[in-house]
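Asker: A predicted structure for the sequence below; I have some questions about it.
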Amino acid sequence: MDSSSDFLAQCFYNSLSPDAKPRKAAEDGLNEAANAPNFALAVLRLVGTPTYHEDIRRAAAVNFKNHIRQRWAPDQDSEFNPIPADEKNQIKTLIVTLMVSSSPRVQSQLSEALSLIGKHDFPRAWTSLLPELVDNLRQLASQGNYNYAAVNGILGTVNSIFKKFRYEYADNDLCIDLKYCIDIFAAPLLEIFLRTAEVINSAAKAAGASVETLKPLFESQRLCCRIYYSLNFQGMPEFFEDHIKEWMTEFAKYLTSTDPAVPDDLRAAVCENIILYMEKGEEAFYPYLNGFAGAVGNLLFKVSEEHTRDRLAVTAIKFLTAVSTSVHHDFFGDNEVIRRICAEIVIPNARLREDDEEMFGMNYIEYVRRDMEGDDLDTRRRIACDLLKGIATKHKQQVTDIVSALIQNLMSSYDANPTENWKDKHCAMYLVVSLASKKLRGVDVLTNEIVNVENFFGRVIVPELQSQDVNAYPMLKAGALKFFTMSRTQLPKDTVINLLPDLARFLGAKSNVVHSYAACCIEKLLLVKDDGVRARYTAADLGSPFIKVLMNNLFNALTVEESEENQYIMKCIMRVIGVAEISRDIADPCCIGLTSILNQVCKNPKNPIFNHYLFESVAVLVRRACDRDVSLIPDFEEKLFPSLEMILVKSIAEFLPYAFQLLAQLVELNQPPISPSYEQVFKLLLKPELWNANSNVPALVRLLQAFLLKAPQELNQEGRLSQVLGIFKLLVSSPRTEEQGFHLLNTVIENLEFPIIAPYMGHIWALLFTRLRQKETVRFTKSLVIFMSLFLIKHGPANLIDTMNSVKADTFAVILNEFWIPKLKLITGHIEVKLVAVASCRLICESPVLLDPAAPRPWGKMLDGIVTLLSKPEEHRVEEEPEMPDVAENVGYTATFVNLYNAGKQEEDPLKYIKDPKQFLAASLSKLSAASPGRFPQIINQNLDAANQSAVMQLCRTYNCPVV
């Protein structure tokens, strides 16, 4: 493919054509040429050729940037070939000069490309980059008049490649790289910063510079501030400490300047730099602190409420908050200072703004996320209240007195004219919630540290909650419901119970936010525990007829426009069903309502959170209702089967794992013989293609286990056992699904008699041992030891040894010595440890192979492993296995397995009759040694390490079971 400049230029020209045919031909040509040697170099040279039209060069620059992104350091599984090293070196030689000399539109693309290269190669594989950028900066300075388009291109590139110093872990390598960058760039950075400040000052004195003229100058200063931030992020370097006066003098000018041309993003960058010094506790900054605190405070008093000024307001307030919680908090010690901050910074920023009202009505999900779920971390309202909380940490009484007066003034204003001044009441609510909120065991709750929560609740919130018009002043209603939710742990139970009918009424509000908040409040109330253990609200508190009204209102809320898939409502339904007494007259309408919703969302699954709570609601309804009345199982099957069948028939990928879990739950609830209606599901389960999607596997295994448990006789029909073992083979062949394969195999072993499985065991062992040789993972190892132990417990040591040796003579001995004994220590989990310990104990006490007097070593080493397993903590004996990367099977959306908590399978203990595996070991050893006195103490002394010898003796003494 031709990659000459003229050919490429023609392709780039045609790629801009409005006609699809030449544009498509050009794109195909470029894609083919991209695989040719030196393609990137040819494109870069074209970008630097001034004879080509600007549009062609810009299109080439965009192509070059994308080519670099795809091929400079592609992933191992990438479809793109990497750029050869020689071509990379030539690109590095050219790109800086071309970027500096290009027009702004081309320059921006080359700057991005350079940054992409820098992220991979800088500084260690591109040591010439920073010196070259510095040389170019100084050459521009020597020309007298700075070309600020070129200057900012260089600074933008440096800013990009230095960002890693902000977020990467400060290990030795990063510190070396940081020092390298500081040594080379700190002085030039100060030079350009001070030089640009002089240019700005000269322009201001001349009084003739336009905003457009000054714009690139201020952008240069902003970039310098961001670079400064990166170089100081790990701590103030010596150079910056030595020159702190120059930096701070200019920083202060931008914060105190009254020139409207000074952009807010420059001031915000300055604020972030001084916040950094406050957070790092840099002593060199302290002489400047009071000056900056005053400057930032004065700046905030003048900042308008326009959205365009939000970033400046937020960063400036964050600086004052950092000061308020530091050792320099005395800046806020004066009552007048606190009062002015409250009146001129906190209250104006805490008030509702027009965009809040718009979001409340137009985008309720985002409003709830910000207001109720805490996604408002960087909003003016949240940050302003954080400032007040910060001041209160050192000046609590002063803040309490001033805030109390402020709240009283706001409420008096509301009382004087509720129609006009309702926002004052909302502001008072917001202030109290913000100032009283505190994290308690990871949950936001309200405390009485600054404001008396119960008093405010009774005086301000209750009247709003008991208002008969649930649609009047909806933002006030939402504020009251939020307050109720956050004060749930402090409020007396009787108070809450009396207000539950009011909460149920608010589910009928037209406002999506209001009925969402009502649902959130009910749901979180039902999670409250006394002493962290006992549920405060039980089924008795949700008695009839209230529960019927509540459920009816919840389902009706899901019919309101835009709340058809309201996740907060559905989560509340799930929680209420999980607590309430579910009688038949509650279960029937709930099941009908849930299946109706399920049928609707099957048409277009789009809200995974809502869908998850929907399936959880079905699962908890089935569990709670059938725990109370097993005669409801056929009713649930009748109502749910059509919906579940639709999911299976239409193969709705997002819902298949949920459907299989619900079917498993229903099968497990049945008593044998199970209903014939499950026959088609069982046949479907045995189709290999269904198991190809990893997202289905855990749920399919769970369902197949349920069938094997309830109807093991079904495996004797139509070669089904062979099909099940074929599925096992498929699963165990992949590290991603091997554990699920063992779950399936364990269920087969547990539920089928030995004569049925005996013909297949040789093939099963051969498959497992082949996989063990090919790829031994920790997960596979543990699963295999557990499987062998379960087989021994169910079918005896003799059958275990014989079936293993049917693969090849002495297979058992090899597996025992090279695998079973060394891997005993890896087993974790109470049930698993007991199973493996008891099985291994039976092996050494019952198997003639282990009891052979001519070969005592395997017996001793097996006992050594058992004692290690039972006596040492997991953390002292278990190897960690690195997490396997989760590689998506397909590009785009892929369904994933999400476990249904309420359809969970109870873990079965195959050794319920053995309570203490240590006692079982001691008793077994004592009985064995009594039959051959003097033999086993010698073997123990020769094969167990000293610690385990002591442990065995201690066990025998504890349980009075001597080894003789």
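Answerer: Looks like it arrived, so ask away. Note that the structure is predicted; figures quoted are calculated from it, not measured.

Asker: Show me which helix runs longest in this protein.
Answerer: Ranked by residue count and defined by DSSP state H, the top helix of the chain is helix 172-206.

Asker: how about that one: buried residues?
Answerer: For helix 172-206, the neighbour count (16 or more other C-beta atoms under 10 Å) marks 177-178, 181-182, 184-186, 188-190, 192-193, 196-197, 199-200, 203 as buried. For the C-beta atoms, the positions are set from N, CA and C on the backbone; glycine is no exception.

Asker: What's the first helix or strand after that helix?
Answerer: helix 211-232 (DSSP states H and E).

Asker: Output the below-cut-off pLDDT ranges for this structure.
Answerer: 1-3, 144-146, 207-209, 376, 439-446, 448, 716, 875-896 (pLDDT under 70).

Asker: quick one, strands of it?
Answerer: 437-440, 443-446, 529-530, 534-535 (DSSP state E).

Asker: Which other helices and strands does the longest helix of the chain contact?
Answerer: helix 129-142, helix 148-162, helix 164-167, helix 211-232, helix 238-242, helix 244-256 (3 or more C-beta pairs under 8 Å, 6 or more residues apart in numbering; DSSP states H and E).

Asker: Isn't Leu300 up against Thr315?
Answerer: No. Here Leu300 lies out of contact with Thr315, judged by C-beta atoms under 8 Å, at a distance of 10.4 Å.

Asker: As a quick check, tell me the outermost residue of this protein.
Answerer: Distance from the C-alpha centroid of the chain peaks at Pro933, with 60.3 Å (C-alpha atoms, centre = their mean).

Asker: quick one: the helices in the stretch 351-500 of the chain?
Answerer: Assigned by DSSP state H, counting those that start in this stretch, the helices in the stretch 351-500 of the chain fall at 354-362, 364-371, 380-392, 396-416, 422-436, 453-456, 462-465, 474-486, 493-506.

Asker: Please tabulate the ones you listed in CSV, including the columns distance to Leu114 and mean neighbour count.
Answerer: Shown next, in CSV, are these (distance: least, C-beta to C-beta, whole Å; neighbours: other C-beta atoms under 10 Å):
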stretch, distance to Leu114, mean neighbour count
helix 354-362, 38, 14
helix 364-371, 37, 19
helix 380-392, 35, 23
helix 396-416, 50, 16
helix 422-436, 45, 23
helix 453-456, 56, 17
helix 462-465, 58, 17
helix 474-486, 49, 24
helix 493-506, 57, 17
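
Asker: Tabulate the ones you listed (CSV), appending distance to Gln600.
Answerer: Converted to CSV, the helices of the stretch 351-500 of the chain look like this (distance: least, C-beta to C-beta, whole Å):
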stretch, distance to Gln600
helix 354-362, 24
helix 364-371, 19
helix 380-392, 37
helix 396-416, 42
helix 422-436, 36
helix 453-456, 41
helix 462-465, 32
helix 474-486, 27
helix 493-506, 24
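
Asker: Mind checking those for the one nearest to Ile749?
Answerer: Closest to Ile749 of those is helix 364-371 (C-beta to C-beta; 48.5 Å).

Asker: okay, the closest one in CSV with CA atoms only?
Answerer: Output of helix 364-371 as CSV, limited to C-alpha atoms (Å, rounded to 0.1, in the frame of the first residue of the first chain):
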residue,chain,number,x,y,z
TYR,A,364,-35.3,12.8,40.0
ILE,A,365,-32.8,10.0,39.9
GLU,A,366,-29.8,12.4,39.8
TYR,A,367,-31.4,14.6,42.4
VAL,A,368,-31.8,11.6,44.8
ARG,A,369,-28.2,10.5,44.1
ARG,A,370,-26.9,13.9,45.0
ASP,A,371,-29.2,14.8,47.9
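
Asker: Report the angle between it and helix 354-362.
Answerer: 130 degrees (axes from the mean of the first three to the mean of the last three C-alpha atoms, to 10 degrees).

Asker: Check which helices and strands helix 364-371 sits against.
Answerer: Using 3+ C-beta pairs under 8 Å, 6+ apart: helix 364-371 touches helix 354-362, helix 512-525.

Asker: Using JSON lines, please lay out these together with distance to Glu739.
Answerer: Formatted as JSON lines, those follow (distance: least, C-beta to C-beta, whole Å):
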{"stretch": "helix 354-362", "distance to Glu739": "45"}
{"stretch": "helix 512-525", "distance to Glu739": "34"}
